[in-house]
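Novice: using only what follows, build the 3D model:
(one chain, ligands or ions: 1)
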Amino acid sequence: MKRIVILISGRGSNMESLIRAQRAGELGEARIVAVLSNRPDARGLLTAAAAGIHAEALDHKQYPDRESFDAALMSAIDAHQPDLVVLAGFLRILSEGFVRHYSGRLLNIHPSLLPAFPGLHTHQRALEAGVRLHGCSVHFVTPTLDHGPIVLQAAVPVLDDDDKERLAARVLAEEHLIYPRAVRWFVEGRLAIEGLCVRVQGEQRENALRAPDLAR
Ligand code: GRF
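Specialist: Residues are numbered from 1 along each chain as shown. Below you'll find the predicted structure:
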């Protein structure tokens, strides 16, 4: 049984999609053992606790610098002996030591088709750049922000009358589909990292791309 710890900072809808997937038996032999947040007021903590999952806040404002917070966070995570750490809307830049500690077992979801639009405000930036395709990416985390090997992406069309809220909602619906699928592949031991590329063993290459409704 693989043990999963999820890190959040707010709403936690991606975390919820993982909890739902676990309940439906769609994560394989895995159990979400803890949800941790750097913000005590993260709404997702209540959702996790209501689902019977250990939910804990470590307020980053209580620590003098990034290194000391990351060290405390690592101890809190490691107390649960995770095989996989999943960032789900965790809005903190992580120190290199943290990222190296979880190398190969740290996943993130980013709301753009990486390597386009790393960082914040991705939906607004996609609209301003006039791209016709936008989406989301699940990737392994490396010390370079939003840059690690990509496991799975989903693309959505950018429509003429989109604003950033409508576009964000269309992308979020895809996030909720691809994150559980990527986590299941990890749990099944099917992800092999080769440089910046991820090979998904026993899976058609095209299954690492969801591109629904592009013709709308
Ligand atoms: C998602 O769009 C995720 O891609 C980004 O932050 C947002 C978090 O949403 N990293 P939620 O907390 O999972 O609802």
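
Novice: so what does residue 206 look like in phi/psi?
Specialist: phi -70, psi -20 (degrees, to the nearest 10).

Novice: against residue 184, how distant is it?
Specialist: 17 Å (CB to CB, to the nearest Å). From N, CA and C alone the C-beta is placed, and that goes for glycine too.

Novice: between these two, tell me which one has more neighbours.
Specialist: Taking neighbours as other CB atoms under 10 Å, residue 206 and residue 184 compare with residue 184 leading, 18 against 8.

Novice: I'd say the more buried one and residue 25 touch.
Specialist: No: judged on CB atoms under 8 Å, residue 184 makes no contact with residue 25 at a distance of 10.0 Å.

Novice: burial of whichever residue of the chain sits closest to the ligand, as a residue count?
Specialist: The ligand sits closest to residue 89 of the chain, with a gap of 2.6 Å, by CB to the nearest ligand atom. Around residue 89 there are 21 other residues, counting by other CB under 10 Å.

Novice: and residue 152, how many neighbours?
Specialist: As a burial measure, residue 152 scores 25 neighbours (other CB under 10 Å).

Novice: check which residues of the longest helix seen in the chain are buried.
Specialist: In the chain, taking DSSP state H as the definition, the longest helix is helix 164-187. By neighbour count on 16 or more other CB atoms under 10 Å, the buried set for helix 164-187 is 167-168, 170-172, 174-176, 178-187.

Novice: can you list the residues of the protein near the ligand?
Specialist: Residues of the chain lying close to the ligand by CB under 6 Å from any ligand atom are 8, 10-14, 88-89, 109-111, 136, 172, 175.

Novice: so what would you say the end-to-end distance of stretch 79-87 is?
Specialist: Start and end residues of stretch 79-87 are separated by 17 Å (CA to CA, to the nearest Å).

Novice: contacts for it, please.
Specialist: 2-7, 18, 30, 33-34, 54, 77, 102, 105-109, 141, 179, 183, 186-187 (CB atoms under 8 Å, 6 or more residues apart in numbering).

Novice: what does stretch 155-170 give?
Specialist: Contacts of stretch 155-170 (CB under 8 Å, 6+ apart): 111, 113, 123-124, 126-127, 131-135, 171, 174, 209-214, 216.
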